[in-house]
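Novice: Here is my input; please provide its structure:
(chains A, B, C and D)
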There are 2 protein chains.
Amino acid sequence: MEPKRTTVRDLRRHNRSTLLSKLFFDGPLSRHELSQLTGLSAATVSNVTAELVEDRLIVEAGLVESDGGRPRVLLRVDPKYAHVVGIDVGETGVKVELFDLSMTRLAAADLQLNSIEPDPAEVVARTAEGLRQVIETADVTESSVLGVGIGVPGTVEKGTRTLVHAQTIGWDAVPLPSMLRDQGIRLPLFLDNGAKTQGQAEMWFGAGRGARHAVIVLVGSGVGAAVITDGQTYAGYSSSAGEWGHTTIVYGGRQCRCGARGCLEAYVGAEGILDRYRKARGGRGAVDTDEQAALAALVAAADSSKIAAKVLDDTAGYVGAGIANLVNLFNPERIVIGGWAALAMGGQWLDVVKKSTAEHALRHAYEQTSIELCQLGPDAVAVGAATLPVAALLEAGGDPRESSRSVA
Amino acid sequence: MEPKRTTVRDLRRHNRSTLLSKLFFDGPLSRHELSQLTGLSAATVSNVTAELVEDRLIVEAGLVESDGGRPRVLLRVDPKYAHVVGIDVGETGVKVELFDLSMTRLAAADLQLNSIEPDPAEVVARTAEGLRQVIETADVTESSVLGVGIGVPGTVEKGTRTLVHAQTIGWDAVPLPSMLRDQGIRLPLFLDNGAKTQGQAEMWFGAGRGARHAVIVLVGSGVGAAVITDGQTYAGYSSSAGEWGHTTIVYGGRQCRCGARGCLEAYVGAEGILDRYRKARGGRGAVDTDEQAALAALVAAADSSKIAAKVLDDTAGYVGAGIANLVNLFNPERIVIGGWAALAMGGQWLDVVKKSTAEHALRHAYEQTSIELCQLGPDAVAVGAATLPVAALLEAGGDPRESSRSVA
DNA sequence: CGACTAAGTTAGCGCCATAATTTAACACCG
DNA sequence: CGGTGTTAAATTATGGCGCTAACTTAGTCG
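Specialist: Alright, predicted model coming up:
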């Protein structure tokens, strides 16, 4: 019940954070522009930017000529100030990428997992291995790495020990961070759900830019969503909000792998789509081993096969109804659709989804919402994970590691 | 894109707000307790409270003897500092209530609406009438009324003109506040959706106390919800978030009055329940005119009639699945169930709802959530509406009307 | 080459929170 | 019955921060 801090010179930190964030997102800016954009006085901007320059967080980036008057000096975040690592822990492999502060990728490593149901110990070993690889490849010192963001399948519970729960792959309370510590990793770690990191990436660099209320939905093998409320990824009470895939869309309907009936994922997850296709063709044939190839075949067949076309149309109908639920509950200004299955089904499929959404959502809320495809590729989870330490930097208005501050 | 203010001496206001809120919610407190609870220094507490006392917002409320030491002086918000009015605009009538700052009801007025589909002009006339009545009955001056909160059916769009949209009763962009101004009402007006004001009331004084992430669901003639995220009622991009009643629960299912198919409301709204009961009995009988009486009869029949019992059980199943969707998406720490229909179906019906929720929600999120019945009666909408001006007072740390401040 | 214009910096001021100190009230103990 | 210890409130001293306003710098145009 003590919601707010004691607010003393945290005010200064807040202003540092505001300016730093503005520079990070809106490219090089002059002090004058910063003053106008943030509402801070010119004096304060000068004062704070001087401090940021001294801390090497930002650097001057050239002049802009003016039509009379002193030319403005542009400032920007120094890409070389630090590096960040983003890791995508998937069900089949671990992807590790290293970026500078302008989010330019300097190195990447892709490590396969042997087991089908990923074993935590194996994941940890591969992660540590990949981490060492990218640091070596990019030839950076470990101390220059601000932090390591990790997107994991399942929900992340933050407490005294950070635990990962992933009901569908059999992870129950896996203490991933402390396991990585045991492997000799000393860098600051930032964990979050993979769908949420991907959503974060779309919000910062993709189709979500500029929106304050958005939902990024992901349709792939699993079905999930990242909800952004007021510019922040919404986590809920125990960080497991946004489990869109397991909301009930057909009461009493198909059995889902989570144990319930009628979940959205049971209909529009890749497995659900393929299974409905199989049943529509009379139930012959084995379960597909390569979902992506099988779905591509289904999409290709839709041109000639009425059955395949109907399966895709039904899928769009379900997805649209599911999105309508999000529209009614969250009233976002934007919905971004991602995930490999959604991308595979393509643009005109999206039109059917939109139509179904319009039919199922309340008119007022629907009219406020735009529905778009995601803009980022398969690296989005890793990129989004890498934004986690950057977000911490921006929020603190400087490197959280150093607390001693020298004033200009 | 300029999210934060210029933050100068707004810091002072913030501290005033913190202290005032603490005193409002947690009863009489000594300065020392305030210091501990808020984290502010004793000096600051003394300083700020002196100001608040001078502004007549708070008063001393007796001493508490101590076991050695100076006795602590208790402070509390002065209930007589100002009054607030809460208005519940329903589909059948307008309820107006006047409170002091301790939320003690001083006067109430209940005005019926003649038309079935409430005409905005009639609503405005009755509202103005009721407002004058309660001010006269309670014998308070108009200038002592801090503001008037109004809970309306439908969504409230805040812009240059505040507009009310209520698709189900045919209101489209009704400018209720300016219509009230035309009736000579000069008091500050605060509009919000009735479900949200009721939710606010439960959060402040009912089953939601202490929770930061909660959903208050309402099952009555209509079905709605108020979502509280991080202590704040979540509004979304255009204030129409939380439309739980029109989320799809049975894809392709029953026709709903909103035009879509398979909405939750079509199954568990009073009309939906009664219609399912009618169909289960063979479709005989006319549509009920008094829903509340008809539902009471259905509940009474459930003891002897298997058909009636099944209708109630099915209802609990649908509601449970709907709540599970909320649990999966919002991950709240508490769900509060209200609305006259839910109350009519009673406590053991709630157990069936919980069972269904457990079956449909993900285990981790479900375990973090408690499900409870609401604690407030039929006045909750009006009480919640009255909290709106109070919330404005608390947030501003003082009367927003007076800006000139004198320091002690 | 000097006046004009715009960007950025320096100086002065007020405000606010913290920490240390003082004042106040009461209980216990000898 | 007065001294001493304890606890709480009030007061004073100190330092930080951001705003306003004046000033300096650096170009361009006539």
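Novice: Which positions in stretch A:363-379 come out as buried?
Specialist: Residues of stretch A:363-379 classed as buried by neighbour count (16 or more other C-beta atoms under 10 Å in any protein chain shown): A:His364, A:Ala365, A:Tyr366, A:Gln368, A:Thr369, A:Ile371, A:Glu372, A:Cys374, A:Leu376, A:Asp379. Every residue, glycine included, has its C-beta placed from N, CA and C.
Novice: Closest to DNA strand D out of those?
Specialist: Lowest distance from DNA strand D to these (C-beta to the nearest atom of the strand) belongs to A:Gln368, with 33.0 Å.
Novice: Of the buried residues of stretch A:363-379, just say which sits nearest to A:Ala301.
Specialist: The closest of the buried residues of stretch A:363-379 to A:Ala301 turns out to be A:Cys374 (C-beta to C-beta; 24.9 Å).
Novice: what's near enough to touch that closest one?
Specialist: Taking C-beta atoms under 8 Å, 6 or more residues apart in numbering or on different chains as the criterion, A:Cys374 is in contact with A:Glu202, A:Gly206, A:Ala207, A:Ile216, A:Val336, A:Ile337, A:Gly338, A:Gly339, A:Leu343, A:Ala380.
Novice: could I get these as JSON lines with secondary structure?
Specialist: Formatted as JSON lines, those follow (DSSP: H, G, I helix; E, B strand; the rest coil):
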{"residue": "A:Glu202", "secondary structure": "helix"}
{"residue": "A:Gly206", "secondary structure": "coil"}
{"residue": "A:Ala207", "secondary structure": "coil"}
{"residue": "A:Ile216", "secondary structure": "strand"}
{"residue": "A:Val336", "secondary structure": "strand"}
{"residue": "A:Ile337", "secondary structure": "strand"}
{"residue": "A:Gly338", "secondary structure": "strand"}
{"residue": "A:Gly339", "secondary structure": "coil"}
{"residue": "A:Leu343", "secondary structure": "helix"}
{"residue": "A:Ala380", "secondary structure": "helix"}
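Novice: Can I get those residues in TSV including distance to A:Ala43?
Specialist: Listed next are the contacts of A:Cys374 as TSV, based on distance: C-beta to C-beta, whole Å:
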residue	distance to A:Ala43
A:Glu202	37
A:Gly206	37
A:Ala207	38
A:Ile216	40
A:Val336	40
A:Ile337	46
A:Gly338	44
A:Gly339	48
A:Leu343	50
A:Ala380	41
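Novice: and A:Thr229, bridged to which residues?
Specialist: Counting by DSSP bridges, A:Thr229 forms beta bridges with A:Gln232.
Novice: Neighbours of it, how many?
Specialist: Neighbour count of A:Thr229, defined by other C-beta atoms under 10 Å in any protein chain shown: 25.
Novice: coming back round to it: just among the contacts of A:Cys374, which is most surrounded?
Specialist: A:Ile216 (33 neighbours).
Novice: how about the nearest residue to that residue, chain neighbours excluded?
Specialist: Excluding the flanking residues, the one nearest A:Ile216 by C-beta to C-beta, 6 or more residues apart in numbering or on different chains is A:Gly199, at 3.7 Å.
Novice: Please list all residues in contact with the one you found.
Specialist: Applying C-beta under 8 Å, 6+ apart to A:Gly199 gives the contacts A:Gly208, A:Ile216, A:Ala225, A:Ala226, A:Val227, A:Ile228, A:Thr233, A:Val336, A:Gly384.
Novice: Chain neighbours aside, what residue packs nearest to the fifth one?
Specialist: Same thing as A:Val227. Excluding its sequence neighbours, the residue lying closest to A:Val227 (C-beta to C-beta, 6+ apart) is A:Tyr234, at 4.4 Å.
Novice: Would you agree that neighbour is in contact with A:Ala225?
Specialist: No - counting by C-beta atoms under 8 Å, A:Tyr234 sits too far from A:Ala225 to count as a contact (10.1 Å).
Novice: So for the two, which sits in the more crowded spot?
Specialist: For A:Tyr234 versus A:Ala225, the count of surrounding residues by other C-beta under 10 Å is larger for A:Ala225: 29 against 24.
Novice: Mind checking what secondary structure that one has?
Specialist: Applying three-state DSSP: A:Ala225 is strand.
Novice: Low-confidence stretches in chain A?
Specialist: A:1-9, A:65-69, A:284-288, A:400-408 (pLDDT under 70).
Novice: Between strand B:223-229 and the longest helix seen in chain A, find me the angle.
Specialist: Counting residues, the longest helix found in chain A (DSSP state H) is helix A:306-330. Inter-element angle recorded for helix A:306-330 and strand B:223-229: 70 degrees (by axes from the mean of the first three to the mean of the last three C-alpha atoms, to 10 degrees).
Novice: quick one: contacts for A:Trp204?
Specialist: A:Phe25, A:Gly384, A:Thr387.
Novice: three-state assignment of the last one?
Specialist: Right, A:Thr387. Recorded secondary structure, A:Thr387: helix (three-state DSSP).
Novice: leaving aside the residues next to it on the chain, what's closest to it?
Specialist: A:Gln200 (5.2 Å).
Novice: Equivalent analysis for the first one, please.
Specialist: In space, A:Phe25 comes closest to A:Trp204 once its chain neighbours are excluded; the distance is 7.5 Å by C-beta to C-beta, 6+ apart.
Novice: just A:Trp349 next, same as before
Specialist: In this structure, A:Trp349 finds its nearest non-sequential neighbour in A:Ala316, 5.6 Å apart by C-beta to C-beta, 6+ apart.
Novice: And for that neighbour, the neighbour number?
Specialist: With other C-beta under 10 Å as criterion, A:Ala316 counts 23.
Novice: wait, what's in contact with the nearest residue to A:Glu243 once chain neighbours are set aside?
Specialist: Closest residue to A:Glu243 apart from its sequence neighbours, by C-beta to C-beta, 6+ apart: B:Asn328 at 4.0 Å. Neighbouring residues of B:Asn328 by C-beta under 8 Å, 6+ apart: A:Glu243, A:Trp244, A:His246, A:Thr247, B:Ala361, B:Leu362, B:Ala365.
Novice: what's the host helix or strand of the last one packed up against?
Specialist: In this structure, B:Ala365 sits in helix B:363-367 according to DSSP states H and E. For helix B:363-367, the elements it packs on are strand A:155-157, helix B:306-330, judged by 3 or more C-beta pairs under 8 Å, 6 or more residues apart in numbering or on different chains; DSSP states H and E.
Novice: Please list the residues outside the helix or strand just after the first one that contact it.
Specialist: Where DSSP H and E defines the elements, the next helix or strand beyond strand A:155-157 is strand A:163-166. By C-beta under 8 Å, 6+ apart, the list of residues contacting strand A:163-166 from outside reads A:152-157, A:171-176, A:191, A:240, B:364.
Novice: Report the two of those residues separated the most.
Specialist: A:Pro175 and A:Ser240 (16.9 Å).
Novice: For those two, indicate the residue with more neighbours.
Specialist: A direct count of neighbours by other C-beta under 10 Å for A:Pro175 and A:Ser240 places A:Ser240 higher, at 23 against 14.
Novice: Would you mind measuring from that one to chain B?
Specialist: A:Ser240 sits 5 Å away from chain B, going by C-beta to the nearest C-beta, to the nearest Å.
Novice: how about the nearest residue to that residue, chain neighbours excluded?
Specialist: That would be A:Thr155: by C-beta to C-beta, 6+ apart, it lies 3.9 Å from A:Ser240.
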